[in-house]
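Asker: Take this sequence and fold it.
(one chain, ligands or ions: 2)
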Amino acid sequence: MISAYTVAGVLRAESVALQRHGPTVLMYRAAFAVAQAALAGLSGHLIPGSRALLLVGGGNNGGDALVAGTILRRRGVAVTAFLANPKQVHEAALAQFLKAGGRVVVGMENTSVATLFGRADVIIDGLVGIGATPPLRPAAAALVELANATSAYKVAVDIPSGVHPDTGAAPGVSFAADVTVTFGGVKTGLLAQPGELVLAAVGMDVSAEAVDACSLTEIPGLLGDPGTRADKYSDGVVCVVAGSTTYPGAAILCVGAAVRLRPGMVRYAGPQAAEVVRHWPEAVATGTVSGAGRSQAWVVGPGMGTDQDALDRLTVVIDKPEPVLVDADGLTLVSRHPHLLVSRQLRGRTTVLTPHEGEFARLFPDLDLSDRLTATRTAALRSHAVVVLKGSATIISDGAHTFVNRTGCGWLASAGTGDVLSGVIGSLLATGAPPLTAAAAGVFLHGLAGERLHAAGLAGASQLWDHLR
Ligand SMILES: NC(=O)C1=CN([C@@H]2O[C@H](COP(=O)(O)OP(=O)(O)OC[C@H]3O[C@@H](n4cnc5c(N)ncnc54)[C@H](O)[C@@H]3O)[C@@H](O)[C@H]2O)[C@@H](O)CC1
Ligand SMILES: [K+]
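Answerer: Ligands and ions are numbered 1, 2, ... in the order given. Coordinates of the predicted model:
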């Protein structure tokens, strides 16, 4: 797991490190890591003769960029610094940069800006770091837009400018980093960002400042070994309540994910019982929820529709004492009938909600989705549920602990993959895993399966099955 830190925590650790090492050493270490990342991005180019462009703001973040530029300059890279705020620039870093033969550009009118950006092989974003709050001022925003329009390799210093370091919110334009080199500790706002993340310790000890927003890398340790369990019942039974005559595929995808993930028993209850058994002879299927038999967890909603019949099925499942995962049409129905969730909440029953952003907005219309971390945490606290906000970086929270997932790839946003995810998480819930662990691990495995499928040159929700075990 990657622990993450708020700006306040990093600043406390930084003040200790500054006393011990002094500002010059810290900045040099930070800049060295940035220069290394830039050189790695230039691989394939001849280093002497390649071009780097620095976007330099008025604070220490700009100072880091200038020192990184100095290091690159000494390696033979042609480096130009665009000073966004020439009246306020890190003087010592600028002096070193000029001494090393760096070139400085001030203001848009002094040069052919398009040529400058268009020719750059690498662009280093040192406009603002953790000392600023987005949105960016217009001058900085304009530079970021120019940079984002190029195909240069993009390196962000500490945090992509325009991204809130604590929350990951980007209320305006933000630097589209290929890699972010962050110092001391990973800022919580970075966990939800796309792109590679490099941590440069620089000599700060942040251990006392960890917060509980994590990225998952240690799934096997979180889940037990299914091979050691005794029989089909001891591993937990999940019952899937999904599908309709309009959407039979959702039932098959959701059941299939559960069947393929774990060898224990999978039940299905709904109008697609015959189709489900035709696809998955392992599943035990029945037409009605009341006829489904005992289960240790329930998945309700994918493709079930939103008519009275669907509402009736949902209402029966909602009343179950076991953990219930509500997805898709189930979420739409819950947003129309909020008392259904409240009844589980009042009885202290485990609920997992897996909305995409549209469903989230219907469920929690007042929560601001430009800050996805806070929105998910608040939704979890309010609903007493584990909330899984799906997206390019899926966020999983029970209100107290928050995970941010970094596995997956773009096509996982396509139709049917959500049904597979519900089956995966439901299947893990049935093992008795703590709901937050089941949800976070399920999202991780689903993303990993997507990555493997993509690497194999394939895409399609039903093929995810082959990569789940
Ligand atoms: N934590 C550490 O130990 C280290 C921190 N360092 C760097 O120092 C940075 C923090 O430096 P500072 O505190 O000087 O702050 P920043 O450099 O992050 O930001 C301050 C600058 O941003 C401008 N600014 C503020 N709001 C803005 C907005 N909305 N739009 C555009 N410009 C805006 C200010 O006018 C000022 O010039 C870190 O992010 C990191 O890059 C490094 O020097 C290495 C060591
Ligand atoms: K930056």
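Asker: where in the chain is pLDDT low?
Answerer: Within the chain, the ranges that satisfy pLDDT under 70 run 1-2, 109-111, 208-234, 263.
Asker: how about the residues of it near ligand 1?
Answerer: By C-beta under 6 Å from any ligand atom, the residues of the chain that approach ligand 1 are 10, 14, 17, 26-27, 30, 57-64, 85, 88, 128-132, 136-137, 140, 157-158, 183-184, 202, 204. For the C-beta atoms, the positions are set from N, CA and C on the backbone; glycine is no exception.
Asker: Looking at the residues you listed, which are in strands?
Answerer: V157, F183 (DSSP state E).
Asker: now the residues of the chain next to ligand 1: which count as buried?
Answerer: Neighbour-count burial within the residues of the chain next to ligand 1 applies to 10, 14, 17, 26-27, 30, 57-64, 85, 128-130, 132, 136, 140, 157-158, 183-184, 202, 204; the criterion is 16 or more other C-beta atoms under 10 Å.
Asker: restrict those to contacts with ligand 2.
Answerer: V157 (C-beta under 5 Å from the ion).
Asker: Check the contact between R260 and R469; I expect there is one.
Answerer: Yes: R260 lies in contact with R469 (C-beta atoms under 8 Å); the separation is 6.3 Å.
Asker: neighbour-wise, which of those two wins?
Answerer: Taking neighbours as other C-beta atoms under 10 Å, R260 and R469 compare with R260 leading, 22 against 11.
Asker: Contacts only, for that one.
Answerer: With contacts defined as C-beta atoms under 8 Å, 6 or more residues apart in numbering, R260 is in contact with W465, D466, L468, R469.
Asker: can you rerun that using 7 Å?
Answerer: W465, L468, R469 (C-beta atoms under 7 Å, 6 or more residues apart in numbering).
Asker: what's the burial count for the spatially closest residue to G442 that is not a sequence neighbour?
Answerer: In space, and not counting its chain neighbours, G442 is closest to I425: 3.6 Å by C-beta to C-beta, 6 or more residues apart in numbering. When neighbours are defined as other C-beta under 10 Å, I425 has 34 of them.
Asker: just checking, I425 is part of a helix?
Answerer: Yes: looking at I425 with DSSP: H, G, I helix; E, B strand; the rest coil, it is inside a helix.
Asker: What separation is there between it and ligand 2?
Answerer: 36 Å (C-beta to the ion, to the nearest Å).
Asker: Quick check: that residue touching A439?
Answerer: Yes: I425 lies in contact with A439 (C-beta atoms under 7 Å); the separation is 5.4 Å.
Asker: Spit out the residues that contact the two alike.
Answerer: With C-beta under 7 Å, 6+ apart as the test, I425 and A439 both reach V352.
Asker: Out of the residues of the chain next to ligand 1, list just those in helices.
Answerer: V10, E14, A17, L26, M27, A30, N60, N61, G62, G63, D64, A140 (DSSP state H).
Asker: which of those residues lies closest to R377?
Answerer: V10 (19.8 Å; C-beta to C-beta).
Asker: quick one: contacts for that closest one?
Answerer: Contacts of V10 by C-beta under 7 Å, 6+ apart are I130, G184, G185, K187, V206, E209.
Asker: Tell me which residue lies farthest from the centre of this protein.
Answerer: Relative to the centre of the chain, and counting by C-alpha atoms, centre = their mean, the farthest-placed residue is K99 at 41.5 Å.
Asker: Okay, it and L363: tell me how far apart.
Answerer: 58 Å (C-beta to C-beta, to the nearest Å).
Asker: Ok, F183 next?
Answerer: Counting by C-beta to C-beta, the gap from F183 to L363 is 37 Å.
Asker: now whichever strand or helix holds C254: how far from the chain's centre is it?
Answerer: Element membership for C254, per DSSP states H and E: helix 248-261. Between the centre of helix 248-261 and the centre of its chain there are 25 Å (C-alpha atoms, centre = their mean, to the nearest Å).
Asker: and after that helix, which helix or strand comes next?
Answerer: Assigned by DSSP H and E, the successor of helix 248-261 is strand 266-269.
Asker: Next, the buried residues of the helix or strand that that following strand is followed by.
Answerer: Next in sequence after strand 266-269, counting helices and strands by DSSP H and E, comes helix 273-279. Neighbour counts over helix 273-279 (16+ other C-beta under 10 Å) mark A273, E275, V276, V277, H279 as buried.
Asker: and which of those is nearest to S290?
Answerer: A273 (13.5 Å).
Asker: Please name the nearest non-neighbouring residue to the closest one.
Answerer: A285 (3.8 Å).
Asker: How about the secondary structure of the one you found?
Answerer: strand.
Asker: I'd say it and V277 touch.
Answerer: Yes: using C-beta under 7 Å, A285 is in contact with V277, at 4.9 Å.
Asker: Domains in this structure, by residue range?
Answerer: Following automatic domain parsing, one finds the domains of the chain at 2-211, 219-467.
Asker: Quick one: distance of the last one to the chain centre.
Answerer: In terms of C-alpha atoms, centre = their mean, the gap separating the centre of domain 219-467 from the centre of its chain is 18 Å.
Asker: Next up, the contacts around the residue nearest to A273.
Answerer: Y268, A273, V276, V277.
Asker: Check Y28 too.
Answerer: Contacts of Y28 by C-beta under 7 Å, 6+ apart are V67.
Asker: for G102, same thing?
Answerer: G69, T70, R73, V79, A81.
Asker: and with 8 Å instead?
Answerer: L66, G69, T70, R73, V79, T80, A81 are the contacts of G102 under C-beta under 8 Å, 6+ apart.
Asker: With D329 instead?
Answerer: Contacts of D329 (C-beta under 8 Å, 6+ apart): G301, P302, G303, M304, G305, T306, A310.
Asker: Quick check: the first one touching G330?
Answerer: Yes: using C-beta under 8 Å, G301 and G330 qualify as a contacting pair, with a distance of 2.4 Å.
Asker: shared neighbours, these two?
Answerer: With C-beta under 8 Å, 6+ apart as the test, G301 and G330 both reach L314.
Asker: Could you export whichever strand or helix holds V240 as PDB, CA atoms only?
Answerer: Using DSSP H and E, V240 falls within strand 238-241. Extracted C-alpha coordinates of strand 238-241, given in PDB (Å, rounded to 0.1, in the frame of the first residue of the first chain):
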ATOM      1  CA  VAL A 238     -23.100 -15.000  -3.200                       C
ATOM      2  CA  CYS A 239     -26.500 -14.500  -4.800                       C
ATOM      3  CA  VAL A 240     -26.800 -12.200  -7.900                       C
ATOM      4  CA  VAL A 241     -30.100 -10.400  -8.500                       C
END
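Asker: what's it packed up against?
Answerer: helix 248-261, strand 266-269, strand 297-300, helix 308-318, helix 417-429 (3 or more C-beta pairs under 8 Å, 6 or more residues apart in numbering; DSSP states H and E).
Asker: Apply 10 Å and report the result again.
Answerer: helix 248-261, strand 266-269, strand 284-286, strand 297-300, helix 308-318, strand 324-326, helix 417-429 (3 or more C-beta pairs under 10 Å, 6 or more residues apart in numbering; DSSP states H and E).
Asker: Sweet, I'm off.
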